[in-house]
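Participant: any chance you could fold what I've pasted below:
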Amino acid sequence: MIKILIADDHLIIRQGLRLIIETENDFKLVGEASDGAEAINLCKKLKPDVVLMDLRMPNVDGLTAIEKLRVAQPEIAVVILTTFNEDELMLRGLQAGARGYLLKDTDRSTLFNTIRAAARGETLLKPEIMARVLSQKNVMKSESNEPVNLTDRELEVLKAVARGERSKEIAVQLGISERTVKAHLANIYGKLGVDSRAAAIAVAAQRGLLANK
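Facilitator: Below is the predicted model of the structure:
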C-alpha cells in the first residue's frame, strides 16, 4: 500500500487527485495540505510514502517544503505538481531532491506510474518534460566549476536514467548486474554532488552531459 499526501492550494486540484487516487487498490490517500507548512507538519504525523507537491503555494511554497523534507524526512518521495511555464522552479525542485514531475493535466496512467516509481525510489520523466529540462541553460549554478569526469559506462547509465529506465532495465540493456548499475549510480551521485536520480538528471542537463541522449 502506497500512502500519498497531496499538497496544493487549489481545492479543485486536491479533489480531482483524490478521486483518481482512490480508484487504485494499492494507493491510500492519507492527507491533504493547502500550503508547504501544512504539508511539512502532516508529513511528520502521517509519514506518507509519496507527496504530490505543488510548487506555488501561499505562506511556505512547495520548493521550500521540498528542501525541508529532504533534510527532515529524506525517506519520503516528493513528486512536483507543475505547469509548463515553471522550468526554473522544476529544475530547482529536482536539485532540492524531488523525484519527478507531474503536470496538472497529466493522464491517469502517467500519474499512477510516476507515483509507483517514486515509491520505489526511482524517477519517471515524460519526454516533453525532459526536453524542457534539457533546453534550460544556466538556470542552476554548479557548486564547482571543475569538470565532471564520468566514465563511458557511467555516462551510459546516466543517459538511461534520463530516459526513465529502471535499474533492472539498464542492467539488461548493458549486460551487467543490477548491483553494478547501482554502484555506477552511487559514483555518478558522488561526482555530481547529488543524492537522487532526479537531481542527477537536473545537474547533468545543466552541465550539458545529456546531449544526444
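Participant: three-state assignment of I80?
Facilitator: strand (DSSP: H, G, I helix; E, B strand; the rest coil).
Participant: any idea how many residues pack against it?
Facilitator: When neighbours are defined as other C-beta atoms under 10 Å, I80 has 27 of them. Any C-beta I mention is one placed from the backbone N, CA and C, and that applies to glycine too.
Participant: then the longest helix seen in the chain to PDB, C-alphas only?
Facilitator: Secondary structure assigned by DSSP state H gives helix 178-192 as the longest helix of the chain. Only the C-alpha atoms of helix 178-192 are listed here, as PDB (Å, rounded to 0.1, in the frame of the first residue of the first chain):
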ATOM      1  CA  GLU A 178      21.600  -4.600 -11.200                       C
ATOM      2  CA  ARG A 179      24.000  -4.300  -8.300                       C
ATOM      3  CA  THR A 180      26.600  -2.900 -10.700                       C
ATOM      4  CA  VAL A 181      24.100  -0.400 -12.100                       C
ATOM      5  CA  LYS A 182      23.500   0.800  -8.500                       C
ATOM      6  CA  ALA A 183      27.300   1.100  -7.900                       C
ATOM      7  CA  HIS A 184      27.600   3.200 -11.100                       C
ATOM      8  CA  LEU A 185      24.800   5.400  -9.800                       C
ATOM      9  CA  ALA A 186      26.500   5.900  -6.500                       C
ATOM     10  CA  ASN A 187      29.600   7.000  -8.300                       C
ATOM     11  CA  ILE A 188      27.600   9.400 -10.500                       C
ATOM     12  CA  TYR A 189      25.900  10.900  -7.500                       C
ATOM     13  CA  GLY A 190      29.300  11.500  -5.800                       C
ATOM     14  CA  LYS A 191      30.800  13.100  -8.900                       C
ATOM     15  CA  LEU A 192      27.800  15.400  -9.400                       C
END
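Participant: show me what that helix is packed against.
Facilitator: helix 152-162, helix 167-174, helix 197-206 (3 or more C-beta pairs under 8 Å, 6 or more residues apart in numbering; DSSP states H and E).
Participant: OK, contacts around R70?
Facilitator: Contacts of R70 were listed using C-beta atoms under 8 Å, 6 or more residues apart in numbering, and they are V78, A96, G97.
Participant: go ahead and flag the most central residue of this protein.
Facilitator: By C-alpha atoms, centre = their mean, the chain has its centre lying nearest to R99, at 1.7 Å.
Participant: what's the weakest-modelled helix or strand in this structure?
Facilitator: In the chain, no helix or strand scores lower on mean pLDDT, DSSP states H and E than helix 127-135, which sits at a mean of 61.
Participant: tell me the domain ranges of this structure?
Facilitator: The chain resolves into domains spanning 2-124, 152-206 when parsed by automatic domain parsing.
Participant: so who does I188 touch?
Facilitator: L150, E154, V157, L158, A200.
Participant: looking at those residues, which is nearest T180?
Facilitator: Nearest to T180 among those is V157, at 9.1 Å by C-beta to C-beta.
Participant: list the contacts of the nearest residue to the closest one once chain neighbours are set aside.
Facilitator: In space, V157 comes closest to H184 once its chain neighbours are excluded; the distance is 4.5 Å by C-beta to C-beta, 6 or more residues apart in numbering. For H184, the contacting residues are R153, E154, V157, by C-beta under 8 Å, 6+ apart.
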